[in-house]
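[1] how would this look folded up:
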Amino acid sequence: MALDRMRTIPWGAGALVLAALAVAGCQQGKEGAGGTPGAPAGGEVVATYQGRTLTSGRIAQELERLPAPSRTYLAAPERKRQFVENLVVNDLLYAEGTQAGYDKDAEITRQVDDLRKRLVVQRVMRKYQTPPTITDEQVKAQYDQNPILYSTTQVHASHILVKDEDTARQLLAEVKAHPEKFADLAREKSTDTVSAKKGGDLGTFGPGRMVPEFDKVAFALQPGEISDVVKTQYGYHIIMVAERKEGEPKPFDQVKEQIRASLRNKVVQDQVQGHFDELKKAADLKVDENALARVTPPAPAPPAAVPGASPQPNRQ
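    Numbers count the residues shown, from 1 in each chain. Predicted structure coming up:
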């Protein structure tokens, strides 16, 4: 097994290079130096083929695109040679494809456009996903202000999750008036299909198992209490606690890095969501819920037949 894996890595590295070439929009028929368009790739000529050259500069560029383990693996001379040969084969395959007109294929063009769009979006998102610096003072303040969240306390809770606040408010009024209907409403209305089957029951859990906004409210409730509407990244929740078992505080040093990571993630989440909200507001986004309800995802494709498998008898 180890030998098989080692033998496949050079071609796997070549496949990664092929993907990198596609992302860069590299074409090989129009270059005399064998470089990547838009970026200098000079250096010593390492290989020649079909009147073209492959330089050390371009090889270095392609190696930089690979993950660190692949680069380490390719340090051996025979593997490095295989990598170079794969680069050449990729170029030749691309030339063959362009001669066949594949570079003008509508489906390939669509996929390239989709990839370009995703890469541009990823680049934009980096601005809003930059992690902030969380100071020791902020971490200690969070610990001191929320002792239950950093303890061994456990609660047994249920919830109803819906996608919009208006629906959540209507359900909240109903469960406040008739708490005994909580489980039935969860089965009927909750979009958390796993817990809905159990009447919204989430079981018993300690702090840190749920998202911070949910945790903060759930661990502030006493048995039999029902929360107000709680907004999280998943939608709008109504939480009911059935049981509560008080625990002991965890030492600050034991949880401080967990708190720091949680605060950092919360700031990033708020930055991202805040920008999303601004974009939608500025675009005057409106969704026709009736039209949306008529949009039906295509049915999944039937599973592919396993070669050599015996046909299954019809079950009446």
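
[2] contacts only, for residue 232.
    The contact partners of residue 232, taken as Cβ atoms under 8 Å, 6 or more residues apart in numbering, are 211, 213, 214. C-beta here means a position set from N, CA and C on the backbone, and glycine is covered the same way.

[3] model confidence for it, exactly?
    With respect to pLDDT, residue 232 scores 92.

[4] just to revisit the earlier point, closest to residue 281 out of the contacts of residue 232?
    Closest to residue 281 out of the contacts of residue 232 is residue 213 (21.7 Å), distances taken as Cβ to Cβ.

[5] about what we covered before: now list the buried members of the contacts of residue 232.
    When neighbours are counted using 16 or more other Cβ atoms under 10 Å, those contain these buried positions: 211, 213, 214.

[6] for the chain, what's the longest helix?
    helix 252-282 (DSSP state H).

[7] so for the helix or strand that it is followed by, mean pLDDT?
    Counting by DSSP states H and E, the next helix or strand C-terminal to helix 252-282 is helix 289-293. Averaging pLDDT along helix 289-293 gives 91.

[8] elements contacting helix 289-293?
    Helix 289-293 sits against no helix or strand, with contacts defined as 3 or more Cβ pairs under 8 Å, 6 or more residues apart in numbering; DSSP states H and E.

[9] strands of the stretch 1-150 of the chain, start to end?
    Counting by DSSP state E, counting those that start in this stretch, the stretch 1-150 of the chain forms strands over residues 45-49, 52-55, given from the N-terminal end onward.

[10] thinking again about what came up before, can you put the contacts of residue 232 in JSON lines and add pLDDT, distance to residue 121 and secondary structure?
    Supplementary listing: the contacts of residue 232 in JSON lines, determined by pLDDT from 0 to 100; distance: Cβ to Cβ, whole Å; DSSP: H, G, I helix; E, B strand; the rest coil:
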{"residue": "211", "pLDDT": "91", "distance to residue 121": "24", "secondary structure": "coil"}
{"residue": "213", "pLDDT": "92", "distance to residue 121": "26", "secondary structure": "helix"}
{"residue": "214", "pLDDT": "96", "distance to residue 121": "28", "secondary structure": "helix"}
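
[11] nearest to residue 120, out of these: which one, please.
    Of the contacts of residue 232, the one sitting nearest to residue 120 (Cβ to Cβ) turns out to be residue 211, at 29.1 Å.

[12] list the contacts for the closest one?
    232, 233, 234.

[13] okay, now the last one: neighbour count?
    Meaning residue 234. Around residue 234 there are 14 other residues, counting by other Cβ atoms under 10 Å.

[14] please name the nearest non-neighbouring residue to it.
    Nearest residue to residue 234 in three dimensions, chain neighbours excluded: residue 161, at 6.3 Å (Cβ to Cβ, 6 or more residues apart in numbering).

[15] so what does the helix or strand that that neighbour is a member of touch, helix or strand wise?
    Assigning secondary structure by DSSP H and E places residue 161 in strand 154-162. Here strand 154-162 touches helix 165-177, helix 182-189, helix 193-196, strand 201-205, helix 212-218, strand 235-245, going by 3+ Cβ pairs under 8 Å, 6+ apart.

[16] nearest to residue 283, out of those?
    Across these, residue 283 has its closest neighbour in helix 165-177 (20.5 Å, Cβ to Cβ).

[17] what comes up buried for the closest one?
    When burial is assessed from 16+ other Cβ under 10 Å, helix 165-177 yields the following buried residues: 167, 168, 171, 172, 174, 175.

[18] tell me the contacts of the last one?
    This points to residue 175. For residue 175, counting by Cβ under 8 Å, 6+ apart, the contacting residues are 160, 181, 182, 185, 226, 238, 240.

[19] nearest spatial neighbour of the third one, skipping sequence neighbours?
    Leaving aside its chain neighbours, residue 182 sits nearest to residue 175 (5.1 Å; criterion: Cβ to Cβ, 6+ apart).

[20] the closest residue to residue 271 other than its chain neighbours: how many residues sit nearby?
    Spatially, and ignoring its direct neighbours in sequence, residue 271 is nearest to residue 128 (4.8 Å; Cβ to Cβ, 6+ apart). One way to gauge burial is a neighbour count; for residue 128, by other Cβ under 10 Å, it gives 15.
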